[in-house]
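Visitor: fold the following for me, if possible:
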Amino acid sequence: MVTHRMAPDGAPKEERPRERLLRAGGRALSDAELVAVLLRTGRRGVSALELAHDVLRDSGGLLGLLGLSAEAIRRDGLGPAKTATLLAGLELGRRVARGELPEKDPMTHPEVVARYLFLRFGVRDQEVMGGLYLDTRNRLLAESEVFRGTLNRAAVEPGALLKTGLLHGAAGLVVFHTHPSGDPSPSAEDLAFTRRLAEAGRTVGIRLVDHLILGSGRRWVSLRQRGAW
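Guide: Down below sits the predicted model:
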């Protein structure tokens, strides 16, 4: 007869996410189970796994979670310590993504840049625009989030993006923004802004390498591939 040790949430100890992680490795766990390992405990009447499911559901999955601030993550059962642990785990994943960028012309491959941007910024409930600033070999020098909120592309000037590039001594720029609607299709305003940015970049000596629009479900559009400028 096999006797199972019971965890406080009623599951056999051998089936708890932490024990399964140690026994079978991370690939054996779902997203929620991995988050539960980071959280360690739940709250009264709610297990760590149930809490992890709630967090992922409310944030729209892992990609949505990547885009949340500490204030947006906090909830009953998720105090400062658990929130900090969760944010640290997400940031480690982002840094691994940066370390995996190819050595040669890493930021000229739209699929590589899109994967990196999803890990860095996700698709948030607010539109986000920013830039990746590149050296002469198209390697990443710096990144910045320049605008957040409801953006009127016709009113956005390229100056803020290019000024940051000049401060970093950048030779190239990949601009990006998110579409919270989930549809990455470019609008007429997106296309007009991209052309203005490319022209302004030529004036100050910063080459526009690409403009990526990020949607949901890892969908994205490269305006360079579409010949937008």
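
Visitor: now the element after the strand ranked longest in the chain, going C-ward?
Guide: Counting residues, the longest strand found in the chain (DSSP state E) is strand 140-149. Sequence-wise, the next helix or strand downstream of strand 140-149 (DSSP states H and E) is helix 159-167.

Visitor: what packs against that next one?
Guide: In terms of contacts (3 or more Cβ pairs under 8 Å, 6 or more residues apart in numbering; DSSP states H and E), helix 159-167 is packed against strand 127-134, strand 140-149, strand 172-178, helix 188-204. Yep, even glycine has a C-beta here, placed from its N, CA and C like the rest.

Visitor: which of the ones you listed is buried the deepest?
Guide: Mean neighbour count (mean count of other Cβ atoms under 10 Å) peaks for strand 172-178 among the helices and strands packed on helix 159-167, with a mean of 25.

Visitor: what angle sits between it and helix 188-204?
Guide: Using axes from the mean of the first three to the mean of the last three Cα atoms, to 10 degrees, one finds that strand 172-178 and helix 188-204 are set 160 degrees apart in direction.

Visitor: how's the protein carved up into domains?
Guide: Using automatic domain parsing, the domain parsing of the chain gives 15-97, 104-222.

Visitor: quick one: closest of these to Trp229.
Guide: Using Cβ to Cβ as the measure, domain 104-222 is the one of the domains of the chain that comes nearest Trp229, at 4.2 Å.

Visitor: chain neighbours aside, what residue packs nearest to Leu166?
Guide: Excluding the flanking residues, the one nearest Leu166 by Cβ to Cβ, 6 or more residues apart in numbering is Val204, at 6.4 Å.

Visitor: quick check: that neighbour vs Gly42, distance?
Guide: Applying Cβ to Cβ, to the nearest Å, the value for Val204 to Gly42 is 53 Å.

Visitor: still on that earlier bit, okay, the domains of the chain in TSV with mean pLDDT and distance to Trp229 next?
Guide: Compiled in TSV, the domains of the chain are given as follows (pLDDT from 0 to 100; distance: least, Cβ to Cβ, whole Å):
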stretch	mean pLDDT	distance to Trp229
domain 15-97	86	27
domain 104-222	87	4
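
Visitor: helices of the protein, residue ranges please.
Guide: In the chain, the helices defined using DSSP state H lie at 17-24, 31-39, 48-59, 62-66, 70-73, 80-99, 110-121, 159-167, 188-204.

Visitor: nearest to Gly131, of these?
Guide: Here helix 159-167 is closest among the helices of the chain (Cβ to Cβ), at 4.8 Å.

Visitor: in the closest one, which residues are buried?
Guide: 161-162, 164-165 (16 or more other Cβ atoms under 10 Å).

Visitor: pull the CA atoms of it into PDB?
Guide: Presented in PDB, the C-alpha positions along helix 159-167 are these (Å, rounded to 0.1, in the frame of the first residue of the first chain):
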ATOM      1  CA  GLY A 159      11.900  64.300 -30.900                       C
ATOM      2  CA  ALA A 160      11.600  62.400 -27.600                       C
ATOM      3  CA  LEU A 161      12.700  59.100 -29.200                       C
ATOM      4  CA  LEU A 162      15.600  60.700 -31.100                       C
ATOM      5  CA  LYS A 163      16.800  62.800 -28.200                       C
ATOM      6  CA  THR A 164      17.200  59.600 -26.100                       C
ATOM      7  CA  GLY A 165      19.100  58.100 -29.000                       C
ATOM      8  CA  LEU A 166      21.500  61.000 -29.200                       C
ATOM      9  CA  LEU A 167      22.100  60.900 -25.500                       C
END
